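> Please find the sequence and the predicted model below.
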Amino acid sequence: MNSVWILVIIGVWFFLAYRFYGRFLSRRLKINDKQKTPAFSQRDNIDYSPSNRSFLLGHHFASIAGAGPIIGPILAIGYFGWLPVLLWIALGVVFIGAMHDYVSLIASVRNKAHGIAAIAKKSLSPRAGILFGLLILLTLILIITVFSVSTAESIVEKPDLVLPLVTVTLLSLMIGYGVEKKKWNYKISSVVALLLIFTSVWVGVRYPFDFSSFDPVFLRGIFVTLILIYAGIASIVPVWILLRPRDYLSALQMGLILILGLVSVFLVRPVIHAPAYLEGVFPLWPILFITVACGAVSGFHGLVASGTTSKQLSKESHGCSVGYGAMLMEALLAVFVTIVVIAGLEWGSGPGSYSVALSKGWIVLFSSGFGNIVSSVGIPFLGFSVASLLGAFMVNQFILTSVDTSARLSRFLMTESLVPRFKNKILVTLVVLIPSWFLAITHSYESLWRLFGSSNQMIAAITLIAVASYFLSKRLNVKFILLPALFVLVTTLSALLYLAFRNGGYLSEGKWSLVVLSFVLFFLGLFVAYEGFKKLKKKIVKR
C-alpha cells in the first residue's frame, strides 16, 4: 500500500472534525467573547499576559507536542502493527483527545485560569484535589527528568545540535522583547528568525562541536544540569520574554520541517513495508491505548491547557483553534511518525531496518526514517545527513519545550493547589527541579518511567471527570465529556492491573515499587471516580 493514501484520508478526516465537531463543542461550551479572560482581568505581565492567537497556538502546540507522539507510535507499531495505531489516533484524537484539551482550557479560563488540580479540588472534593495534585506533581517530575536526559543524550550523540539550540534560545529573547516592548511586526521578525535558525543548522553540520575528548557520562550530566538551569529560569521570568516566543519559534520550525516531510511523502510516495497487524506480546486492549497516548489523548495536555495557556488566552473564541486545533496538529505529527516508521525504514532485522534503528534509540530511528524519505526527493544540499539532522532537531525542540513548560506548570501546581501559602517562585521551582536532577543523574527514573503511560492517561480521565462536574454545575450537557472519561478510566485501570499481574509483569519480575505504585494509581483512580460520580449524581438530581 502507498503511504500517500494514509495522509489523504486522515487529513480530510481531521479537517472535517475541526470544522464540524469543533463547532459542536463550541456551541455546547457556550463560548462567549463578551466576558474578559483572566489574561486581561488578572494581568500581571509575568504569568497572566494576553497573547496574539498565532503566538499562543505555537506556544501551546510546542508545549504539548513532546516526545509522546513520536515514541508512542514507534513502540506500538512493533507491538500491534500500523493499522490499529492509525485507527486509534484518528478516532481517539477527534472524540477524546482534542475535546479533552479544549474543555480543560475553557474550564480553566472560567475559573480564574487555575490549574486542573485546583478545579478538581473545587468541583469534586478537597481530598480528591490534593491526591490528584500529588499524582500530577510526580508525573511532571518524571517528564522533566526523562525529557532533559533525552535532550542531553541526543546532544552528546549529535554535537551539531548545540549551535541551533543556542541560536533558538537567544533569538527567542530578542523576539519576545521586540514584539512585546518595541511592537515589532511579528511576521517579519518570525521570517528573519527562521532564516537565522536554519542557517545555524547548516553551520552546525559544517562545523560541529567536538566532544570526543570528554567522557560521555560526565558530558551528559553537564548538559542535564544546564538544561534544568535553563528550565528553572524559563519557569520564573515573564512568559512573554522567553517561554512563549521560544515555543512559538520552535513550533514554526517544527511546522516547516513537518511540512517538508509531508510534501516529501507526496513526492516520493514511499511504499509501506511493515505489517498492518501483529499479534505479539501485549493484547490490543488496553495496552494500545496507553502506548499511543499523546497522539490520541494525553493528560499532560490538560495540564498545559489549564496552566500556561489559559493565562494567555485573549478571547474564548480562540480556544477552539488553540485547544482543539493544536491537538489535531499533534495527531497529524503522530500519523507522520507512523509513516516514517513503516515506509521510511525497512521491516525486519537487516541494515537500515526498524529493529536496528530502534536499538540505537528512538531519536535515531525517527531521524533515519525522516532522512531516507526527504533525501529521496533530490533537493540540492538536502542529502541524508542534513535531512536526518533536521529530523533530530525537530525532535529535540519538541522535547525541550516540554521540559520548560513542565517546570512552570509545577510551580503553578504548588502555589495554586498543594502549598498555596508558599509563594516564593525560586524555592518552589527548586523543590521540583532538584528531585528531577537527582533522578536524572542517578538514572533512578528508569523504573518509574514504565508507569508514565498509565499515570498520564489517569490524569486525562480524572481531568475529564472534574471538568464534567464543573460544567454540569453551570447547567451544561456533559455527555460528550463523560462517555470518553469512562472509556479512558476503565482502560487505564485495566492496564494497571494487567501490567502488574500478567505473566512477565511487575509482580513476576519482583518490581515491588512498580506494583505498589500501580495499586496507588488504581485506587486513586477509583477514589476520584467515586467522588466525581457522587458529585455528578447530586448535581443531576438538583437539575
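Arrived safely. This one's a predicted model, so the numbers in the text were calculated from it and none came from an experiment. Numbering: from 1, shown residues only.

> Contacts only, for residue 495.
286-287, 289-290, 453-454, 457 (CB atoms under 8 Å, 6 or more residues apart in numbering). Using the backbone N, CA and C atoms, a C-beta is placed for each residue, glycine as well.

> could I get these as JSON lines with secondary structure, pLDDT and neighbour count?
Converted to JSON lines, these look like this (DSSP: H, G, I helix; E, B strand; the rest coil; pLDDT from 0 to 100; neighbours: other CB atoms under 10 Å):
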{"residue": "286", "secondary structure": "helix", "pLDDT": "93", "neighbour count": "21"}
{"residue": "287", "secondary structure": "helix", "pLDDT": "93", "neighbour count": "21"}
{"residue": "289", "secondary structure": "helix", "pLDDT": "93", "neighbour count": "24"}
{"residue": "290", "secondary structure": "helix", "pLDDT": "91", "neighbour count": "26"}
{"residue": "453", "secondary structure": "helix", "pLDDT": "86", "neighbour count": "24"}
{"residue": "454", "secondary structure": "helix", "pLDDT": "89", "neighbour count": "24"}
{"residue": "457", "secondary structure": "helix", "pLDDT": "93", "neighbour count": "27"}
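
> Return the closest of the residues you listed with respect to residue 131.
residue 454 (15.8 Å; CB to CB).

> Give me the distance between the closest one and residue 195.
Residue 454 sits 43 Å away from residue 195, going by CB to CB, to the nearest Å.

> again, but for residue 60
As judged by CB to CB, residue 60 and residue 195 stand 24 Å apart.

> Report the central residue of this protein.
Ranked by distance to the mean C-alpha position of the chain (CA atoms, centre = their mean), the top residue is residue 64 at 3.1 Å.

> Is that residue in contact with residue 299, as I believe?
No - Residue 64 is beyond contact range of residue 299, at 10.9 Å (criterion: CB atoms under 8 Å).

> Compare neighbour counts for residue 60 and residue 195 and give me the winner.
residue 60 (33 against 10; other CB atoms under 10 Å).

> Might you calculate how far the helix or strand of the chain with the lowest mean pLDDT sits from the centre of the chain?
Least confident helix or strand, the chain: helix 445-448 with a mean of 74, by mean pLDDT, DSSP states H and E. Centroid displacement of helix 445-448 relative to its chain, using CA atoms, centre = their mean, to the nearest Å, is 19 Å.

> residues in contact with that helix?
With CB under 8 Å, 6+ apart, helix 445-448 has contacts from 142, 145-146, 149, 439, 511, 513-514, 517.

> cutoff 10 Å now
Applying CB atoms under 10 Å, 6 or more residues apart in numbering, the external contacts of helix 445-448 come out as 138, 141-142, 144-146, 149, 435-436, 438-439, 452, 455, 506, 511, 513-514, 517.

> Mind listing what's buried along it?
Using 16 or more other CB atoms under 10 Å as the test for burial, helix 445-448 gives 445, 448.

> With stretch 50-69 instead?
Buried, per 16+ other CB under 10 Å, within stretch 50-69: 50-52, 54-69.

> and stretch 131-142, how far out from the chain's middle?
The answer for stretch 131-142 is 16 Å, by CA atoms, centre = their mean.

> and what of stretch 323-332?
11 Å.

> quick one: contacts for the residue nearest to the centre of the chain?
By CB under 10 Å, 6+ apart, the neighbours of residue 64 are 97, 101, 247, 294, 298, 300-305, 309, 323, 326-327, 329-330, 398, 401-402, 405.

> Now go through those and say which are in helices.
101, 247, 300-304, 326-327, 329-330, 398, 401-402, 405 (DSSP state H).

> Would you check those residues and say which has the weakest pLDDT?
Ranked by pLDDT, the ones in helices among the contacts of residue 64 bottom out at residue 398, which has 73.

> check contacts around that residue.
Contacts of residue 398 by CB under 10 Å, 6+ apart are 61-70, 147, 150-151, 250-251, 254, 330, 333.

> now, which of these lie within helices?
Among those, the members falling in helices (DSSP H) are 61-64, 68-70, 147, 150-151, 250-251, 254, 330, 333.

> can you give me how far the one helix or strand residue 338 maps to is from the chain middle?
Element membership for residue 338, per DSSP states H and E: helix 326-343. Distance of helix 326-343 from its chain centroid, counting by CA atoms, centre = their mean, is 13 Å.

> Please save the CA atoms from that helix in CSV.
Extracted C-alpha coordinates of helix 326-343, given in CSV (Å, rounded to 0.1, in the frame of the first residue of the first chain):
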residue,chain,number,x,y,z
ALA,A,326,-3.4,22.1,18.2
MET,A,327,-4.2,18.6,19.3
LEU,A,328,-5.3,17.7,15.8
MET,A,329,-1.9,19.0,14.6
GLU,A,330,-0.2,16.8,17.2
ALA,A,331,-2.2,13.8,15.9
LEU,A,332,-1.1,14.6,12.4
LEU,A,333,2.5,14.5,13.6
ALA,A,334,1.8,11.1,15.1
VAL,A,335,0.4,9.9,11.8
PHE,A,336,3.5,11.3,10.0
VAL,A,337,5.8,9.4,12.5
THR,A,338,3.9,6.2,11.7
ILE,A,339,4.6,6.7,8.0
VAL,A,340,8.3,7.4,8.7
VAL,A,341,8.5,4.1,10.6
ILE,A,342,6.5,1.9,8.2
ALA,A,343,7.6,3.4,4.9
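
> Can you show me the CA trace of the helix or strand just after that helix as CSV?
As assigned by DSSP H and E, the chain's next helix or strand after helix 326-343 is helix 354-359. This file holds the C-alpha atoms of helix 354-359, laid out as CSV (Å, rounded to 0.1, in the frame of the first residue of the first chain):
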residue,chain,number,x,y,z
TYR,A,354,13.2,-0.7,12.1
SER,A,355,14.7,-3.1,14.7
VAL,A,356,18.3,-2.0,14.1
ALA,A,357,17.4,1.7,14.2
LEU,A,358,15.3,1.2,17.3
SER,A,359,18.3,-0.4,19.1
